[in-house]
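A.B. asks: Task: produce atomic coordinates for the following.
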Amino acid sequence: MNDQTPHGPDAPRGCPVDHGSAELARLYGPEAATDPLGIYERLRKEHGSVAPVLLEGGIPAWLVLGYRDSRRVLDNPRQFTRDARIWRDWREGRIAETSPLIPMLGWRPDCVSQDGEPHRRLRGAVSDVLQAAVGRGIRRHATHFANKQIDAFADTGRADLVADYADYVPMLVMSRILGLAEAEGRRLVESCAQVLKGGEDAVLHDGRIREIFGELAERRRSEPGSDLATGLLEHHAALDHDEVVHHLRVVLIAAHVTTNLLARVLQLVLTDASRLSGLISGQLTISAVVEEVMWNSPPLAVLPGRFAASDVELGGHRIEEGDLLVLGLAPGNLDPEVRPDPGVSVHGNQAHLAFGAGPHECPGQSIGQSMIEVAVDVLLHRLPGLRLAVPADELTTTASTWDSRLDRLPVEFPV
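C.D. replies: Next comes the predicted model:
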């Protein structure tokens, strides 16, 4: 296989071609890394609610920019399936096995990659074990790891709340729930980051994640524990080894996405004195801040991916069977058709796209919310006087195809 996908006037049937434009917009590369919102808005002006784009390796896709079109895709798995085995570019050999798209778009034996009865069976198992995990003390684990991370810098008077805090707390909590040792959880922080970042190491790090979970599943077969791995192995849905491994991977990747959400919540709190004072005084809840971030800076900016099960019209474009669609959660949440004034408060409105929608809506969203609430609460109580150490306009972000992450959040506090 190779990843040289032709595009432009000579593209084969089904390649989404930007009619009248010399080159399709890329969701990767220097511009995409620094100004993804600018790309989204330019595409919206040029193409409307659905736009042809290129992913890494020159792979064509349709980016869904409109809120209502995203909901249509997410709510209709028969028209827009998650099963990548119908992806034309994959079937016709234009996707290399080493493509950085494979960890995010390729078919796997998990509930994310399937629809219908196979999806219901596997998702039911994941939902059951996640619910059991809540009963085993998500908040207790979050409190433990939040305090442990703070202990490492509490005496210094300064920290980077991305690298020293947000990158680790959700990952360590879910590693404990999954059944991993803390050291293994810390090792997997980099691997999850590389999977979402893409690039030449994405497949290597994805393999590392699956290797660790394969070893965990084997241990738990002979040494059951009170963890999610054991729960999946013992579930009445009778998951096989690969299904268990891939679902442990899904949960860990979701925890990594939550690290971005935590960083964004802390950024909003520390760059707005009224929100910080509101949280400290109890006049504002952390969940309200999370809700605002979900609308304005969703932790996953672009959701991979759906595949057209047949020829269909969407957003004024003809989408052909086997075409790849990626869902713009960030541009969808800012769609002027549903938010003509983005500055208007979204308090109490939970109709954002940040958790997806339809049959594949994230089943662990309450766990993510709990971890963030605890992490923010512990931080503000442990470090009174916490403040941003640089001007807010000096904070920068770096985007990949799938997310836009805060680079650093330097803070200082009295000791």
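
A.B. asks: only C-alpha atoms for contact and neighbour calcs from this point on.
C.D. replies: Noted.

A.B. asks: my guess is residue 402 contacts residue 196, does it?
C.D. replies: Yes: at 6.5 Å, residue 402 counts as touching residue 196 under the criterion of Cα atoms under 8 Å.

A.B. asks: Identify, by residue count, the longest helix of the protein.
C.D. replies: Assignment by DSSP state H gives helix 241-270 as the longest helix of the chain.

A.B. asks: Buried residues of that helix, list them for me.
C.D. replies: Across helix 241-270, burial judged by 16 or more other Cα atoms under 10 Å covers 242-270.

A.B. asks: Please apply the same query to stretch 191-203.
C.D. replies: Of all the residues in stretch 191-203, those buried under the rule 16+ other Cα under 10 Å are 191-199, 202-203.

A.B. asks: cool, and stretch 332-343?
C.D. replies: For stretch 332-343, burial by neighbour count (16+ other Cα under 10 Å) applies to 332-335.

A.B. asks: Can you add pLDDT, secondary structure and distance to residue 92 and give those back as CSV?
C.D. replies: CSV is the format used below for those (pLDDT from 0 to 100; DSSP: H, G, I helix; E, B strand; the rest coil; distance: Cα to Cα, whole Å):
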residue, pLDDT, secondary structure, distance to residue 92
332, 97, helix, 31
333, 96, helix, 34
334, 96, coil, 35
335, 96, coil, 34
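
A.B. asks: ok, of these, which one's closest to residue 285?
C.D. replies: Of all the buried residues of stretch 332-343, residue 285 sits closest to residue 333, with 21.7 Å by Cα to Cα.

A.B. asks: measure that closest one to residue 413 for me?
C.D. replies: Distance from residue 333 to residue 413, counting by Cα to Cα, to the nearest Å: 34 Å.

A.B. asks: go on, residue 71?
C.D. replies: For residue 71, the distance to residue 413 - Cα to Cα - is 43 Å.

A.B. asks: And for residue 357?
C.D. replies: Distance, residue 357 to residue 413, by Cα to Cα: 40 Å.

A.B. asks: Equivalent analysis for residue 289, please.
C.D. replies: From residue 289 to residue 413 the distance is 22 Å (Cα to Cα).

A.B. asks: Show me the contact partners of stretch 327-347.
C.D. replies: Identification of contacts with stretch 327-347 by Cα atoms under 8 Å, 6 or more residues apart in numbering yields 37, 40-41, 63-68, 70, 288, 291-292, 295-298, 300-306, 352-354, 356.

A.B. asks: go with 6 Å
C.D. replies: 63-67, 295, 301-303, 353 (Cα atoms under 6 Å, 6 or more residues apart in numbering).

A.B. asks: The stretch 251-400 of the chain: strands as residue ranges?
C.D. replies: In the stretch 251-400 of the chain, the segments counted as strands under DSSP state E, counting those that start in this stretch are 302-308, 312-314, 317-319, 324-328, 387-388, 397-399.

A.B. asks: neighbours around residue 151, how many?
C.D. replies: Neighbour count of residue 151, defined by other Cα atoms under 10 Å: 12.

A.B. asks: ok so, going back, ok, which of the strands of the stretch 251-400 of the chain comes nearest residue 157?
C.D. replies: Using Cα to Cα, the nearest of those to residue 157 is strand 387-388, at 10.5 Å.

A.B. asks: Now do residue 278, the pLDDT please.
C.D. replies: According to the prediction, residue 278 has pLDDT 92.

A.B. asks: ok, for it, nearest residue in space, not its chain neighbours?
C.D. replies: Among residues not flanking residue 278 along the chain, residue 284 sits closest, at 4.8 Å (Cα to Cα, 6 or more residues apart in numbering).

A.B. asks: The one you found contacts residue 277, doesn't it?
C.D. replies: No: between residue 284 and residue 277 there is no contact under Cα atoms under 6 Å: 8.4 Å.

A.B. asks: Show me which of the contacts of stretch 327-347 is closest to residue 408.
C.D. replies: Residue 408 lies nearest to residue 301 out of these, by Cα to Cα, at 18.4 Å.

A.B. asks: Return the distance of the closest one relative to residue 392.
C.D. replies: 22 Å.

A.B. asks: Between the two, which is the more surrounded one?
C.D. replies: residue 301 (25 against 14).

A.B. asks: What does the pLDDT read for that one?
C.D. replies: In this model, residue 301 is scored at 97, pLDDT.

A.B. asks: Let me know the distance separating it from residue 355.
C.D. replies: Noted for residue 301: a distance of 11 Å to residue 355, by Cα to Cα.

A.B. asks: One more: residue 153?
C.D. replies: Going from residue 153 to residue 355 by Cα to Cα gives 32 Å.

A.B. asks: Which one of those two is surrounded by more residues?
C.D. replies: Each of residue 153 and residue 355 has its neighbours counted (other Cα under 10 Å); residue 355 has more, 19 against 14.

A.B. asks: Let me see the contact set for that one.
C.D. replies: Counting by Cα under 6 Å, 6+ apart, residue 355 has contacts 361-362.

A.B. asks: Regarding residue 60, what is its secondary structure?
C.D. replies: Under DSSP: H, G, I helix; E, B strand; the rest coil, residue 60 falls in the strand class.

A.B. asks: Is it correct that it is in contact with residue 51?
C.D. replies: No: using Cα under 6 Å, residue 60 makes no contact with residue 51, being 10.6 Å away.

A.B. asks: where are the low-confidence patches of the protein?
C.D. replies: Applying pLDDT under 70 to the chain picks out residues 1-22.
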